[in-house]
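S.K.: fold the following.
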Amino acid sequence: MLGVAAMVLLSLFAPNARAQDASPWQEDAHSAVRLLAGSRSGAVLLGGIALQLKPGWHTYWRTPGDSGVPPRFDFSKSDNVEAVTVLWPAPTKFDDGAGGISLGYHDQVVLPLRIVAKNTEKPVTLRADVNYAVCEKLCIPVQANLELSFSSVASTEDSALFTALDTVPKPANVGDPNPLTIRDVKREGRSEVLVDVVSPDNRPISLFVEGPTPDWGLPVPKLLDHGPPGVKRFAFALEGVPPGVNPEGAALKLTLVGADRAYEFNINLE
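M.R.: Okay, the predicted model is just below:
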């Protein structure tokens, strides 16, 4: 009897506990968004922005590809928050309907947040003004204002947040002995860059490139039909460089996405 009573009490309090670790969903016709709070410990907290999308609809990565609108986040109205870093899970490629490629997410995604508190002894309340686009054949802008306090010693959302962290590409260096890695990056003439990738199997892989600032619009690298033995060779043109900018020595970020792992490589263009 005591065991049954305890289970009933737990079931009554569980919804309230979960409500403290996630803000209410804010919904529009094609998507829903909310904040997640991880366990409260120390000055660096783990949170998340959870997005759900209706079937057939998608939203965008930090670099949207040939078309699209990247999400924008404003955390400046938060209480006792020094800084917030958005961590981006590896994206998927989409046909943008105009002959190009867009990069983003479908179905659902959690963007982990690394939150630095100003004072570990005081309450932390995260407020996020979120602007993103959801697209099928047409794109529709969405705006949401979210708020959530971090108060749980053991959050019910920790598992979802750590699962999301596992989908964020891990830092790596060119030539690392990982099963999936970039072996070499080199220029081909003045207008093309070749990237040689080693992959453990024949499953599809993707490569994305970003410039040092958002006004760079480099194209999505293409997998060539023929490359050196033992590697998959990607190529991209040095197009979309801001006017008047010399690409020599530019800091580029390469994101390599495999079937079950992803890596980020920071390089300087030689």
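S.K.: contacts only, for Leu165.
M.R.: 46, 87, 112 (C-beta atoms under 8 Å, 6 or more residues apart in numbering). For the C-beta atoms, the positions are set from N, CA and C on the backbone; glycine is no exception.
S.K.: which non-adjacent residue is nearest Val109?
M.R.: The spatial neighbour of Val109 that comes closest, neighbours along the chain excluded (C-beta to C-beta, 6 or more residues apart in numbering), is Leu51 at 5.3 Å.
S.K.: can you verify my assumption that that neighbour contacts Gly104?
M.R.: No. Judged on C-beta atoms under 8 Å, Leu51 makes no contact with Gly104 at a distance of 10.2 Å.
S.K.: for the two, indicate the residue with more neighbours.
M.R.: Neighbours around Leu51 and Gly104, counted as other C-beta atoms under 10 Å, are more numerous at Gly104. The numbers are 26 against 22.
S.K.: close enough to count as contact, Ser206 and Ile101?
M.R.: No. Using C-beta under 8 Å, Ser206 and Ile101 do not qualify as a contacting pair, with a distance of 9.7 Å.
S.K.: joint contacts of those two?
M.R.: Contact with both Ser206 and Ile101 is made by residues Lys93, according to C-beta under 8 Å, 6+ apart.
S.K.: nearest the middle, which residue of this structure would you pick?
M.R.: Trp88 (1.7 Å; C-alpha atoms, centre = their mean).
S.K.: quick check: it touching Phe208?
M.R.: No. With contact taken as C-beta under 8 Å, Trp88 and Phe208 are classed as non-touching, separated by 10.8 Å.
S.K.: which strand residues bridge Lys222?
M.R.: Beta-bridge partners for Lys222, by DSSP bridges, are Ala235.
S.K.: by neighbour count, which of the contacts of Leu165 wins?
M.R.: By neighbour count, taken as other C-beta under 10 Å, the most surrounded of those turns out to be Pro112 (25 neighbours).
S.K.: may I have the beta-bridge partners of Arg127?
M.R.: Beta-bridge pairing for Arg127 (DSSP bridges): Glu147.
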